[in-house]
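J.: Need coordinates for the below:
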Amino acid sequence: MSDDLGLPPRRALPDDVRDRLRAEVRAGIGAPRRTHRVWYAAAAAVLVLAAGAVVATKTFREQPVAGPPPDPGNHLTLDPKVATAALDRCWAAVQAAGKTDRVPPRAEWVPLFTEVLQADAVVAATAAGKPMFCETTETTVTVSDPAAAPAYAPGTHVGVLLHSATGTVAGIVDPGTAPGFLGSRTEGGENMSQSIRTSPVSGQFVAMTRTALWTTTLTVETPGAPRAAVLPQSPPWLVMSVDRPVTAERTSPAGRALDECLNTAEEVTPDAAAYAPGPLLDTGDFRVVMGRRGDRVVVCETQPDYQRPGRTKSRAFPGFIGPQTQAARTLTVDTLGAAESGAPRGQSRHPFAAALPLTAAKATIDFGIGTSVEADVVDGMVAAWVPGNIDLLPDATVHVRARDSLNRTVYDGSLRLR
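T.: Numbering: from 1, shown residues only. Okay, here's the model as predicted:
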């Protein structure tokens, strides 16, 4: 979605609101907020779907995990193993927070479908017939408040119940309503649109935006509407906690740079505190730092925000390195100080970042113009600035020779420049 499609103007969050949201996310808590709105749509949904709910509850009580089969037409699926593990962790987090009086018993939680993106799992469930969402990452748990009323976009029947720290948006579409599309726009101008897929039982939906909640405006575009409507702030989550804490080094220059970049980037990296720092490139104005968590890597860039003087802009580019991926490959990065960002001409720099074998300690990067760069390899990651006289052509390559601590070659081949 873009501004020429009739989107309403972006609403910038006040600094105090943004700072409060950041503080709540980092502390792993959310201040509870009471609502006086009566959720009539929920009562209607319960009546309309009563028969299905009774069957779902009966089936659930007979099996460890069950629920009405998701509608194959909307491609929603239910992974029983994922649902059981996630709901158990969410229940444990509710118990640890002393909030069991705020939710129905665990035996009354019925999973409907699951959404999984890498190590981030979201379960759409009902708790005694009320919609609820449970999200788990490797280190965190977030539970929506089943007693909360959805925050509806004006003029629509689409309401949000959860907007989590990972950028997950979850809510409900009232019965008999066409779902439409969910749009997300960041302060930096990044736009994304995705279709809203709903449960045929409860009307619940889950969308993973992977953008920071304090810099993102959510919109809903429904069939027949003249323009997209802005979703209000979601109700506070019931619980958001770090139940399996893992922290990586954050005292070195690379560690501090990674911490600052991941915490301010428009893109969210779940479990960011658990990423170990890798190579760091820092020119003063431009900074590139890499991080790794198991088979996941991230390249995080920071540069001046040329559209908002006095501020910086950070972007995070995630990557995956597993048994099925190549032994060495180029990772996604962006040019810093590009003319289209508003930077003065002639100041741009382009980094080269790659994943190499974990045994690599040093790498020689030959850009093909008689100039090569020697770089340290940290935890299978390497980064270097591309010389300014290199053309960034789509099919351009570099030659990389990586060596281990005994100077034995562990990789020797060509990689894409970008």
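
J.: Tally up the residues packed near the closest residue in space to residue 296 that isn't next to it in sequence, please.
T.: For residue 296, ignoring the flanking residues on the chain, the nearest one in space by CB to CB, 6 or more residues apart in numbering is residue 320 at 5.8 Å. Quick note: C-beta positions are derived from backbone N, CA and C, even for glycine. By the measure other CB atoms under 10 Å, the count of residues near residue 320 is 12.

J.: Next one, pLDDT for residue 320 please.
T.: For residue 320, the pLDDT comes out at 75.

J.: doesn't residue 294 make contact with it?
T.: No: if you go by CB atoms under 8 Å, residue 320 and residue 294 don't touch, sitting 9.9 Å apart.

J.: Report the contact partners of the residue nearest to residue 296.
T.: 118, 295, 296, 297 (CB atoms under 8 Å, 6 or more residues apart in numbering).

J.: Same check on residue 350?
T.: 333, 335, 336, 385, 386, 392, 418.

J.: which residues are contacting stretch 329-343?
T.: The contact list for stretch 329-343 (CB under 8 Å, 6+ apart) reads 285-286, 288, 290, 297, 299, 301, 303-304, 306-307, 315, 317, 319, 321, 344-345, 347-355, 392, 415-418.

J.: helix, strand or coil for residue 89?
T.: For residue 89, the assignment made with DSSP: H, G, I helix; E, B strand; the rest coil gives helix.

J.: Can you list the residue ranges for strands in the stretch 201-350 of the chain?
T.: Assigned by DSSP state E, counting those that start in this stretch, the strands in the stretch 201-350 of the chain fall at 204-208, 216-221, 229-230, 239-242, 276-282, 287-293, 296-304, 312-320, 329-330.

J.: now for the first one, which elements pack on it?
T.: If contacts are counted by 3 or more CB pairs under 8 Å, 6 or more residues apart in numbering; DSSP states H and E, strand 204-208 sits against strand 109-117, strand 120-127, strand 130-136, strand 168-173.

J.: Closest one of the contacts of residue 320 to residue 134?
T.: residue 118 (17.1 Å; CB to CB).

J.: Check whether that closest one really touches residue 296, as I assumed.
T.: Yes: contact criterion CB under 8 Å: residue 118 and residue 296 qualify, at 6.6 Å.

J.: Show me which of these two is the more surrounded one.
T.: residue 296 (20 against 13).

J.: Could you pull up the contacting residues of that one?
T.: Contacts for residue 296 were tallied using CB under 8 Å, 6+ apart; they are 118, 119, 275, 318, 319, 320, 321.

J.: and the first one, what pLDDT?
T.: Residue 118 is assigned a predicted lDDT (pLDDT) of 87.

J.: That one and residue 313: what is the separation?
T.: From residue 118 over to residue 313 the distance is 25 Å, taken as CB to CB, to the nearest Å.

J.: try residue 230
T.: 23 Å.

J.: Please apply the same query to residue 86.
T.: 34 Å.

J.: surely residue 374 meets residue 366?
T.: No: in this structure, residue 374 is not within contact of residue 366 by CB under 8 Å, at 10.5 Å.

J.: So for those two, which residue has more residues nearby?
T.: Neighbours per residue, other CB under 10 Å: of residue 374 and residue 366, the larger number sits with residue 366, 15 against 9.

J.: Tell me who's in contact with that one.
T.: 372, 398, 399, 400, 401.

J.: cool, and residue 91?
T.: 106, 109.

J.: Could I get the pLDDT score of it?
T.: Residue 91 is given a pLDDT of 98.

J.: how much space between the residue of the chain most remote from its centre and residue 387?
T.: When distances are taken from the C-alpha mean of the chain, residue 370 lies farthest, 41.0 Å away, according to CA atoms, centre = their mean. Look at residue 370 and residue 387: by CB to CB, they are 10 Å apart.

J.: Check residue 155 too.
T.: 54 Å.

J.: Show the contacting residues for residue 86.
T.: Neighbours of residue 86 in contact, by CB under 8 Å, 6+ apart: 114, 121, 122, 123, 134, 135, 136.

J.: where in the stretch 51-200 of the chain is pLDDT low?
T.: By pLDDT under 70, the low-scoring segments of the stretch 51-200 of the chain are 51-74.

J.: is it fair to say residue 402 lies in a helix?
T.: No: in this structure, residue 402 is strand, not part of a helix, as judged by three-state DSSP.

J.: Wait, residue 240 touches residue 165, no?
T.: Yes: applying CB under 8 Å, one finds residue 240 in contact with residue 165, separated by 6.7 Å.

J.: Would you mind measuring from residue 248 to residue 381?
T.: 14 Å.

J.: what do you get for residue 288?
T.: For residue 288 relative to residue 381 (CB to CB), the value is 11 Å.

J.: So which residues of the stretch 51-200 of the chain form strands?
T.: Using DSSP E, counting those that start in this stretch, strands in the stretch 51-200 of the chain cover 109-117, 120-127, 130-136, 140-143, 151-152, 158-163, 168-173, 181-186, 191-195.

J.: still on that earlier bit, just the buried ones from the contacts of residue 350?
T.: Listed as buried from the contacts of residue 350 are 333, 335, 336, 385, 386, 418; burial here means 16 or more other CB atoms under 10 Å.

J.: so what's the last one closest to, chain neighbours aside?
T.: Computed as CB to CB, 6+ apart, the closest residue to residue 418 that is not its neighbour in sequence is residue 392, at 5.9 Å.

J.: Check the fifth one too.
T.: Distances taken as CB to CB, 6+ apart place residue 350 nearest to residue 386, at 4.5 Å, with adjacent residues excluded.

J.: Helices of the chain, start to end?
T.: 15-27, 40-48, 50-62, 80-96, 253-264 (DSSP state H).

J.: Pull out the buried positions in the last one.
T.: Along helix 253-264, these residues count as buried under the neighbour rule (16+ other CB under 10 Å): 254, 255, 257, 258, 259, 260, 261, 262, 263, 264.

J.: just checking, what packs against it?
T.: Helix 253-264 packs on strand 276-282, strand 287-293, strand 296-304, strand 312-320, going by 3+ CB pairs under 8 Å, 6+ apart.
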